[in-house]
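Asker: Following is a predicted model, sequence given first.
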Amino acid sequence: MTQTTVQSLRDKPAVRWTALILVALTMFFGYMFVDVLSPLKTQLEETVKWDSTIFGTYGSSEFFINVFCGFLIFAGIILDKMGVRFTAILSGSLMLLGAIIKIYALSEYFNMGGIGFDLLNSASFPASAKLSCIGFALFGCGCEMGGVTVSRAIVKWFQGKEMALAMGIEMAIARLGVFAVFWTSPMISKHFAQKGEMFLSVQAPVIFVGILLAVGLILYIIYGFMDKALEKEQGAEEIEEEEPFKFSDLGKVFGSGMFWIVALLCVLYYSAIFPFQKYATEMLSSNIGLETETAAKIFSMFPLGAMFITPLLGAFLDYKGKGATMLIIGAVLMFACHATFAFFPFNEVSHMAAVTIAITAIVVLGISFSLVPAALWPSVPKIIDNKVLGSAYSAIFFIQNIGLMSVPIIIGRILDVTNPNVAPGEPKNYTTAMIVFAMFGVAAFFLGFVLKIADKKKGFGLELPNKTK
Ligand SMILES: NCCCC[C@H](N)C(=O)NCC(=O)O
């Protein structure tokens, strides 16, 4: 007798990978938006008078609502209660709304006294920066909510299959967004600066990525149809993730010691990555004496390297394991890169040698940024009950966001204090700032060890492969 097995949508590779591409592309546009102004720090200093502290506050503002209003916790609750497709569309809408506000904040019309300018303007903090912060904070709600939702969507489609590979590819696509924006943003900016359109030189890159975010929202809506079809098909089948959210879930998450180790490792590691991205272009220009466009292109190798290696490491983790070890090595490499920029005497070697060493350090950071995310995120389902996974990712992001919010302000302040007489646009001394970034690597390294020991004792399987069939 022959038996026919009915394939579910998630069993069809073409369908589940299409679902992945749809959600990942929106994150691609989101990550472009996150760093759209990062390569333009010097131009912002000259055009809209943002000093390093203001720029740092702007960088931090992405996380204001997530941290101060605990939005990320709500995001987890919304995700658990309303499901992936509602949350995806909500997050895409918030990202777009934030982008529109930021576009307005950087417009010539607004900065020449347009609606809301007088209300927001003050000598110490320009209106353009305040309104950009408001827009970026709303965008940040959407982007982080999107991140949690995408992780959840991947678990939904890929659990027991190529889950780490899928997460790795999703992150690789997001990294490609960072790479893309470090090329396009200075190019668009230069085009308008050469025409003497100074406001457009900082606003046009934001408009460009804002349009991409509108496309991203459409992709989330299309994903929503796929998600609905999957749910309809699964019907009354037991679906673990569909359990309604209960507040006691948060207690379960926060009560787990392993959760805290992972969350602290995450905040320490990422605090030396995303905030660094905001300053990297100016740091490279200052340390090596490069033009903004060239410095941004050198830095773009960081996400590019991470993009190629993350999926490979995801696949390695699926088939071979060694997640905790990967986290430790990633922390060491991150320290090595930041320490190089803190201590290497770039001005005492030839320009060629300085550029080569800078590129090598950036590539090393890229490898680190492949190892850690590829191992960290797929580890969460191993230490946390599936039923509270949405809340767990949100809680980790919440703790991570506290670091991502604080560090840019701290670095901005350090730069202003350690460069008291440096005129806008002039090279800055980045030594102290880079030492701070390097210290995060040291702390992450120790936590990686704690995690590995705890895993060995409790047997969560962080060093084991993911693939079950
Ligand atoms: N918006 C930029 C920061 C994204 C932080 C996000 N919570 C995250 O950790 N994403 C995972 C990653 O490795 O990019």
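Answerer: Everything's here; your move.
Asker: Neighbours of residue 141, how many?
Answerer: 25 (other C-beta atoms under 10 Å). The way it works is simple: take the backbone N, C-alpha and C, and place the C-beta from them, glycine included.
Asker: What residues does it make contact with?
Answerer: Applying C-beta atoms under 8 Å, 6 or more residues apart in numbering, we find residue 141 in contact with 65, 66, 71, 75, 91, 94, 98.
Asker: Output these in TSV; the columns should cover secondary structure and distance to residue 36.
Answerer: Output for the contacts of residue 141, formatted as TSV (DSSP: H, G, I helix; E, B strand; the rest coil; distance: C-beta to C-beta, whole Å):
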residue	secondary structure	distance to residue 36
65	helix	19
66	helix	19
71	helix	22
75	helix	23
91	helix	18
94	helix	17
98	helix	12
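Asker: Now do the helices in the stretch 251-400 of the chain.
Answerer: Assigned by DSSP state H, counting those that start in this stretch, the helices in the stretch 251-400 of the chain fall at 257-271, 274-288, 292-299, 301-319, 323-343, 351-383, 389-418.
Asker: any idea which of those helices is most buried?
Answerer: helix 274-288 (a mean of 25; mean count of other C-beta atoms under 10 Å).
Asker: Can you list the low-confidence ranges for this structure?
Answerer: The model of the chain has pLDDT under 70 over residues 1-6, 235-246, 467-469.
Asker: How about the residues of it by the ligand?
Answerer: 34, 143, 144, 147, 171, 174, 270, 274, 373, 397, 400 (C-beta under 6 Å from any ligand atom).
Asker: Tell me the residue of this structure that sits nearest the ligand?
Answerer: residue 373 (3.7 Å; C-beta to the nearest ligand atom).
Asker: Tell me who's in contact with that residue.
Answerer: In this structure, residue 373 makes contact with 168, 171, 306, 310, judged by C-beta under 8 Å, 6+ apart.
Asker: Residue 23: which of these is nearest?
Answerer: Nearest to residue 23 among the contacts of residue 373, counting by C-beta to C-beta, is residue 171 at 12.0 Å.
Asker: what's the burial count for that closest one?
Answerer: 27.
Asker: now residue 130
Answerer: Using other C-beta under 10 Å: residue 130 sits among 21 other residues.
Asker: So residue 91 sits against residue 145, correct?
Answerer: Yes - with contacts counted by C-beta atoms under 8 Å, residue 91 reaches residue 145, the gap being 3.9 Å.
Asker: ok, now which ones touch the residue lying closest to residue 139 once chain neighbours are set aside?
Answerer: The shortest distance from residue 139 to any non-neighbouring residue, by C-beta to C-beta, 6 or more residues apart in numbering, is to residue 98 (2.8 Å). Contacts for residue 98 (C-beta under 8 Å, 6+ apart) come out as 135, 136, 137, 138, 139, 140, 141, 142.
Asker: Of the contacts of residue 141, select the buried ones using a PyMOL command.
Answerer: Selection of buried members from those for PyMOL, criterion 16 or more other C-beta atoms under 10 Å:
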select buried, resi 65+66+71+75+91+94+98
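Asker: Output the contacts of residue 141 in TSV; the columns should cover distance to residue 8.
Answerer: Below are those laid out as TSV (distance: C-beta to C-beta, whole Å):
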residue	distance to residue 8
65	37
66	35
71	34
75	28
91	26
94	31
98	36
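Asker: Which one of the contacts of residue 141 is nearest to residue 106?
Answerer: Among these, and counting by C-beta to C-beta, the member closest to residue 106 is residue 98, at 12.9 Å.
Asker: Let me have the contacts of residue 98 in a markdown table, extended by secondary structure.
Answerer: Shown next, in a markdown table, are the contacts of residue 98 (DSSP: H, G, I helix; E, B strand; the rest coil):
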| residue | secondary structure |
| --- | --- |
| 135 | helix |
| 136 | helix |
| 137 | helix |
| 138 | helix |
| 139 | helix |
| 140 | helix |
| 141 | helix |
| 142 | helix |
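Asker: next helix or strand past the helix or strand containing residue 30?
Answerer: If you go by DSSP states H and E, residue 30 is part of helix 13-34. Sequence order places helix 41-47 as the next helix or strand after helix 13-34, per DSSP H and E.
Asker: mind checking how far that next one is from the chain centre?
Answerer: How far helix 41-47 lies from its chain's middle: 23 Å, per C-alpha atoms, centre = their mean, to the nearest Å.
Asker: Name the residues that touch it?
Answerer: Contacts of helix 41-47 (C-beta under 8 Å, 6+ apart): 37, 50-52, 55, 189, 193, 198-199, 201-202, 278-279, 281-282, 285, 292, 424-425.
Asker: okay, the angle between the helix or strand just after that helix and helix 13-34?
Answerer: The helix or strand immediately downstream of helix 41-47 is helix 52-61, counting by DSSP H and E. Using axes from the mean of the first three to the mean of the last three C-alpha atoms, to 10 degrees, the direction of helix 52-61 lies 150 degrees away from that of helix 13-34.
Asker: what's the angle between helix 52-61 and helix 274-288?
Answerer: 150 degrees.
Asker: Need the CA coordinates for helix 52-61. PDB is fine.
Answerer: Output of helix 52-61 as PDB, limited to C-alpha atoms (Å, rounded to 0.1, in the frame of the first residue of the first chain):
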ATOM      1  CA  SER A  52      29.000  65.100  18.500                       C
ATOM      2  CA  THR A  53      26.700  65.200  21.600                       C
ATOM      3  CA  ILE A  54      23.700  66.200  19.400                       C
ATOM      4  CA  PHE A  55      24.600  63.500  16.900                       C
ATOM      5  CA  GLY A  56      25.000  61.000  19.700                       C
ATOM      6  CA  THR A  57      21.600  61.900  21.100                       C
ATOM      7  CA  TYR A  58      20.100  61.600  17.700                       C
ATOM      8  CA  GLY A  59      21.700  58.100  17.400                       C
ATOM      9  CA  SER A  60      20.300  57.200  20.700                       C
ATOM     10  CA  SER A  61      16.800  58.500  20.000                       C
END
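Asker: elements contacting that helix?
Answerer: Packing contacts for helix 52-61, counted by 3 or more C-beta pairs under 8 Å, 6 or more residues apart in numbering; DSSP states H and E, involve helix 41-47, helix 127-158, helix 274-288, helix 389-418.
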